[in-house]
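*Asks:* generate a structure from the sequence data that follows.
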Amino acid sequence: MTTRIRKVAVLGAGVMGSGIAAHLANSGVRALLLDIVPPKAAPGEDTSSKAFRNKFAQGALANLRKQKPSPIVSGEVFTNIEVGNFEDDLHRIAECDWVVEVVKEDLKIKQDLFAKVEKLIRPGTIVSSNTSGMSIVGMTEGRGAEFKKNFLVTHFFNPVRYMKLLELVAGKETAPEVLKTLHRFGEEVLGKGIVYGKDTTNFIANRIGVYGMMRTIAAMDKAELSIEEVDKIFGPAMGRPKSAVFRTADIVGLDTFTHVAKNCYDTLTHDEERDVFASPAFLQKMVEKGMLGDKSGGGFYKKQGKDILALDLKTLEYRPQAKVRYESLGAARDIEDVRERVASVMNAEDKAAKFAEGVTLDVLAYTSRRIPEIADDVVNVDRGVRWGFGWDLGPFEVWDAYGVKKGVERMKALGLKPAAWVEEMLAAGRASFYGVENGKDTYWDIPSKSVKVVPENARTQRVEYLKRGNKKIAGNDGATLWDLGDGATLLEFHTKMNSIDDQIIEMMNTALDETEKNHKGLVIGNDGSNFSAGANIVALLWAAKSGEFESIRKLVTGFQAVNQRMRYSPVPVVTAPFNLTLGGGAEVTMGGNAIQASAELYMGLVEVGVGLIPGGGGNMQLLRNVYGPFGTDKDFDFFPFLKKIFLTIGMAKVATSAEEAREAGFLTQADGISANRDFLLSDAKARVLGMADAGFKAPRPTRFRLPGTSGAATIDMMLYDMELNGQVSAHDRKIAQKLAKVLTGGNTSPSLLVTEERLLELEAEAFLSLCGEEKTQDRLQHMIEKGKPLRN
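*Replies:* Predicted structure coming up:
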C-alpha cells in the first residue's frame, strides 16, 4: 500500500476538483487534473488537438487564476499541475499514489469511472471519492477486494484552500493503513483538520450544518424576523462567521444548498426530523428564478451600487436593509471570550435572545441524537462543524458554555428531546462534555461511558497548554514570556489585535534578557486570531495631537532598537507569524533571525495607508532582505531592487500567503512555512532549537551601496508626473518623498556604504515629521473611526 504521496490524480475539473488540485499544488504536491473531452466543438475548432480535448481541464486552470479569494498561494504553483482528459490520459493515473474522483454526483458515472480506474492503477494506490452523499457500498459495487481495501471517501469543503475540514469516511473493507496514511498526509502536508465520519448521507458537517440552517429558516417566520435580523443573531454574537445563515447560503450557492438538503430529505427516511430538510416554497422559487446567490449576482442579498440590499421573503423583492438593534446583541459585542458571549446571548430575555436559544437548543438536541449514527464521539462532530462551517464552537462546546444540565432542562420545557446518553453522562457525575485533567483536554466517551483525552497530533502546541502547566516566566499587560521547554522560550503578545505598544516593547527586551541568560532560543508567537495588526494608532494619534513628539520618538527608536537587538542577539530568535501580520507586526517578524510562517499569512508594511512610513525598522529590514545580499557589490544595479521595495511599501502591498510574502521579500528562501496552523509554534520551537544546537552565531550587520539624493530625485520625477495626472495627492507625494529619502540612503553617494543604523535614523526622522502633519493625523483619525484609509 502507498505510504508516501508524491503525485495525485484528480478526476474532474469542476469547482471542487480544480480547487483540490490547486491546494495540492499549494502544498508542493504534483497533481494531474483530468476531465472529459468536450462533447461539442465550436465552429473552426480542431477536435483532434490537445487544446480542444483538454479544454475543460485547461479552462479550470484559467478560472483558478481569476477566482476571488484566490485558491492558489502563488502563481508559481501552476508548475505543479498537469492537465489532460479521460480518453487520452487516464492511463497516467499509474504515475500517481492517490486518485481522487470529483465527477458529477451520479452513481452510474462514478461506477463506470471506477471500473476503468481499477484496471489502470498500480497495486496499492489509494482511490477516493469526494462525494458528500453517495454510499461507499454503491460506488464500489463490482470492484475487487484490493480496490475496496484501498478505497474511502475524502470529503473536502469549498473553497478548499481556506476551509480546514477534510472528512475521512471508511468503507467496511477499507484498510486501517489507508486511513492512517491519508490522515497524516491531509493534516501535515495539506494542513487540514481531519474528522472521521460514517458512511451516512452528508456525513457530519453538512448533516448538522444544513439541519441548523434549515431549522433556522423554518423558525424565523413564526418569530417574525427578517433575513438580516437572523444573520445578525447567528453571526459573531453566537460565535459564528459574519456570513451567518443567509449570507453563507449565498456564498455556497442556493442550488448547491438545496441539493444537499434534498439529498437528506430523499435518503434519510428514518430521521425523525426529516421534514426539516424539505425546502420551503420561497427557496424553491428562488432556485427556479435563478436567484442562486453570489454566482448569479443575487440571492438573499444583492449588491446595488454601493448598497447591499436584502430580500423580502414574502414578495421576493429586494429592499434596503433595516438596522438591527437588540440589547442582547449589543452587550455581546463587548465580550471577548466566545463561550461567555454565546452564553450571554442565550441567557438574555429579548426577542433575538429567545430566538437564538430556541433554535440552538433544537440543533443541540438533534445533534446529540445523531451519535453514533454519523460519528462515534462529540469530538469529531464538533470539529466537523467548526472546521466545515466556520463556527467558533462546535455544538457540544456551545452546550457546555450554556450548561449541559440547564440545557437538558430547558430542552424538555420546550418540548425537545436530548439523547439518552447525555442524561446518562450527567447521572454518572460528569457535568460537561469537555474538561481538562492533568493539563490535557478531555471529553466524555459515549461507548465506554468514561473520560478520555482528546486526540491530537503530537506537533500541536498552544499557549493555553503553557498556561495550564504554570510555565509563565514574566509578563505585563501587553505580553507574556513562557517557558516552551527544552531550552526554548515563547513571547506571547495579548493586546487588542496584538497591536504593538510600549508594554510589548518592554517585554521583548525582558524576553531577550531572560533567554540570553538562561535559555537556548526565543520564539515569538501566540494563539490569537492574528499575529499582530500593527502599532497602536489610537495612542499614536493622541500623542501626535498632544504634541508629545518626544514620547513618539522614544517609542519609535525603542521599537527599532529591540528589533535590532533580536537580530543580533547571541541566541537565535524565530518569529511565527500568521493571518494579519501588518506594519509593526511585520517589523517584529522580520526582526528575528528566522521566520516560521503559517501558510495563511497576510503580511505587509501598510503604514502609508495612515499617512506614515514604517517606523520600527521596516524600510531597512525589507531592504536588507531584498537587496542586502548584494548591498556592497559594485557590479549590481541597485535601482531595480529599490524600485521593488519602494512600490511594495509605497503601495502598501499585502502578501496574501506565506509564498507571496516570500516573493515580496518579507520572507527569505531560508524561512519555513507550516501548512497547519496548529503546528506553527512547535515547528518554530524545532527551528529555534535546531539553530541553537547547530552552533548559532548572530549575522553580521548589512551595509548598503545606495544612490542618495540623485536616486531620490529620480523617484520624485515619477511622483511629480503622478501628481500632475491626479494619480496621487500632494500629501501622497510628500509621504513618498520621505520614503524615497530613506530607501536611497539620504545624503550619500554610491561610493559610500550606508549602515543599518543610519537608515534607522533616517526612518525615525521621516516618521516623526509625518506624525506632525495635519493630513496624516486626519488619516489616522479616519482609520480609527471608519476602519479604512482616507485619501486626502
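*Asks:* please report phi then psi for residue 442.
*Replies:* phi -120, psi 160 (degrees, to the nearest 10).
*Asks:* quick one: it and residue 455 touch, right?
*Replies:* No: contact between residue 442 and residue 455 fails when scored by CB atoms under 8 Å: they sit 10.9 Å apart. To be clear about C-beta, it is placed using only N, CA and C from the backbone, and glycine gets the same treatment.
*Asks:* which one's more surrounded, these two?
*Replies:* When residue 442 and residue 455 are compared for neighbours, residue 442 comes out ahead with 18 against 11, by other CB atoms under 10 Å.
*Asks:* in the sheet, who's paired with that one?
*Replies:* Residue 442 forms beta bridges with residue 435, residue 453, as assigned by DSSP bridges.
*Asks:* can you tell me which residues contact it?
*Replies:* 434, 435, 436, 451, 452, 453, 454 (CB atoms under 8 Å, 6 or more residues apart in numbering).
*Asks:* again with residue 65
*Replies:* Residues in contact with residue 65 (CB under 8 Å, 6+ apart) are 72, 75.
*Asks:* wait, a strand at it?
*Replies:* No: going by DSSP: H, G, I helix; E, B strand; the rest coil, the assignment for residue 65 is helix, not a strand.
*Asks:* distance-wise, check it relative to residue 74.
*Replies:* 11 Å (CB to CB, to the nearest Å).
*Asks:* next one: residue 542
*Replies:* In terms of CB to CB, residue 542 sits 40 Å off from residue 74.
*Asks:* more neighbours: which of these two?
*Replies:* Between residue 542 and residue 74, counting by other CB under 10 Å, residue 74 is the more crowded of the two (19 against 12).
*Asks:* ok, the more buried one touching residue 663?
*Replies:* Yes: using CB under 8 Å, residue 74 is in contact with residue 663, at 6.4 Å.
*Asks:* now residue 49, what are its backbone angles?
*Replies:* Dihedral angles (degrees, to the nearest 10) for residue 49: phi -80, psi 150.
*Asks:* how near is it to residue 668?
*Replies:* Taking CB to CB, one finds residue 49 at 43 Å from residue 668.
*Asks:* more neighbours: the two, which one.
*Replies:* Higher neighbour count among residue 49 and residue 668: residue 668, with 15 against 10, using other CB under 10 Å.
*Asks:* wasn't that one part of a helix?
*Replies:* No: judged by three-state DSSP, residue 668 forms no part of a helix; its state is coil.
*Asks:* just give the nearest non-adjacent residue to it, would you?
*Replies:* Leaving aside its chain neighbours, residue 668 sits nearest to residue 625 (5.9 Å; criterion: CB to CB, 6 or more residues apart in numbering).
*Asks:* does the one you found belong to a helix or a strand, and which?
*Replies:* helix 618-626 (DSSP states H and E).
*Asks:* off-centre distance for that helix?
*Replies:* Remark: helix 618-626 is offset 27 Å from the chain centroid, using CA atoms, centre = their mean, to the nearest Å.
*Asks:* what packs against that helix?
*Replies:* Helices and strands touching helix 618-626, by 3 or more CB pairs under 8 Å, 6 or more residues apart in numbering; DSSP states H and E, are helix 584-591, helix 638-650, helix 730-743, helix 756-771.
*Asks:* now do 10 Å
*Replies:* Helix 618-626 is packed against helix 549-567, helix 584-591, helix 638-650, helix 658-664, strand 703-705, helix 730-743, strand 753-755, helix 756-771, with contacts defined by 3 or more CB pairs under 10 Å, 6 or more residues apart in numbering; DSSP states H and E.
*Asks:* who does the very next helix or strand once past the second one pair up with?
*Replies:* Counting by DSSP H and E, the element after helix 584-591 in chain order, helix or strand, is strand 594-598. Pairing partners of strand 594-598, with direction, according to DSSP bridges: strand 573-575 (parallel), strand 672-674 (parallel).
*Asks:* give me the domain ranges for the protein.
*Replies:* 7-197, 205-453, 464-776 (automatic domain parsing).
*Asks:* low-confidence stretches in this structure?
*Replies:* 1-2 (pLDDT under 70).
*Asks:* most remote residue from it's center?
*Replies:* Note on the chain: the largest C-alpha distance from the chain mean falls to residue 751, namely 46.6 Å (CA atoms, centre = their mean).
*Asks:* secondary structure class for it?
*Replies:* Going by three-state DSSP: residue 751 is coil.
*Asks:* got the angle for the helix holding residue 625 vs helix 584-591?
*Replies:* Here the directions of helix 618-626 and helix 584-591 differ by 40 degrees (axes from the mean of the first three to the mean of the last three CA atoms, to 10 degrees).
*Asks:* so which strand or helix has residue 287?
*Replies:* Secondary structure (DSSP H and E) places residue 287 in helix 281-288.
*Asks:* output the contacting helices and strands for that helix.
*Replies:* Looks like helix 281-288 contacts helix 205-223, helix 254-267, strand 307-312 (3+ CB pairs under 10 Å, 6+ apart).
*Asks:* how about the strands in the stretch 301-450 of the chain?
*Replies:* Ranges of strands within the stretch 301-450 of the chain are 301-304, 307-312, 317-320, 434-437, 440-445, 450-453, based on DSSP state E, counting those that start in this stretch.
*Asks:* for the ones you listed, could you give me TSV that also reports distance to residue 532?
*Replies:* As requested, these are exported to TSV (distance: least, CB to CB, whole Å):
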stretch	distance to residue 532
strand 301-304	32
strand 307-312	30
strand 317-320	37
strand 434-437	28
strand 440-445	27
strand 450-453	33
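*Asks:* please report the distance of residue 278 from residue 211.
*Replies:* Here residue 278 is placed at a distance of 12 Å from residue 211 (CB to CB).
*Asks:* give me the common contacts of those two.
*Replies:* 261, 264 (CB atoms under 10 Å, 6 or more residues apart in numbering).
*Asks:* most tightly packed of the helices and strands packed on helix 281-288?
*Replies:* Mean neighbours per residue, mean count of other CB atoms under 10 Å, is largest over the helices and strands packed on helix 281-288 for helix 205-223, with a mean of 21.
*Asks:* neighbours of residue 301, how many?
*Replies:* 20.
*Asks:* who is it paired with across the strands?
*Replies:* Under the criterion used (DSSP bridges), residue 301 bridges to residue 310.
*Asks:* now do the contacts for it.
*Replies:* The contact partners of residue 301, taken as CB under 10 Å, 6+ apart, are 227-228, 231, 246-247, 249-250, 293-294, 308-311, 318, 321.
*Asks:* and those, which of them are buried?
*Replies:* Among the contacts of residue 301, those classed as buried by 16 or more other CB atoms under 10 Å are 227-228, 231, 246-247, 249-250, 293-294, 309-311, 318, 321.
*Asks:* closest to residue 393 among these?
*Replies:* Residue 393 has its nearest neighbour among these in residue 231, at 18.0 Å by CB to CB.
*Asks:* quick check: buried residues in stretch 148-157?
*Replies:* Buried, per 16+ other CB under 10 Å, within stretch 148-157: 148, 149, 150, 151, 152, 153, 154, 155, 156, 157.
*Asks:* how about the closest residue to the fourth one other than its chain neighbours, what does it touch?
*Replies:* Computed as CB to CB, 6+ apart, the closest residue to residue 151 that is not its neighbour in sequence is residue 127, at 5.1 Å. When contacts are counted by CB under 10 Å, 6+ apart, residue 127 touches 9, 11, 93, 96, 98-101, 114, 117-118, 121, 139-140, 143, 147-148, 150-152, 154, 178.
*Asks:* re earlier: out of the strands paired with strand 594-598, deepest packed?
*Replies:* Of those, strand 573-575 is the most buried (mean count of other CB under 10 Å), at a mean of 28.
*Asks:* can you tell me how far the residue nearest to residue 668 is from residue 230?
*Replies:* Applying CB to CB, the value for residue 625 to residue 230 is 48 Å.
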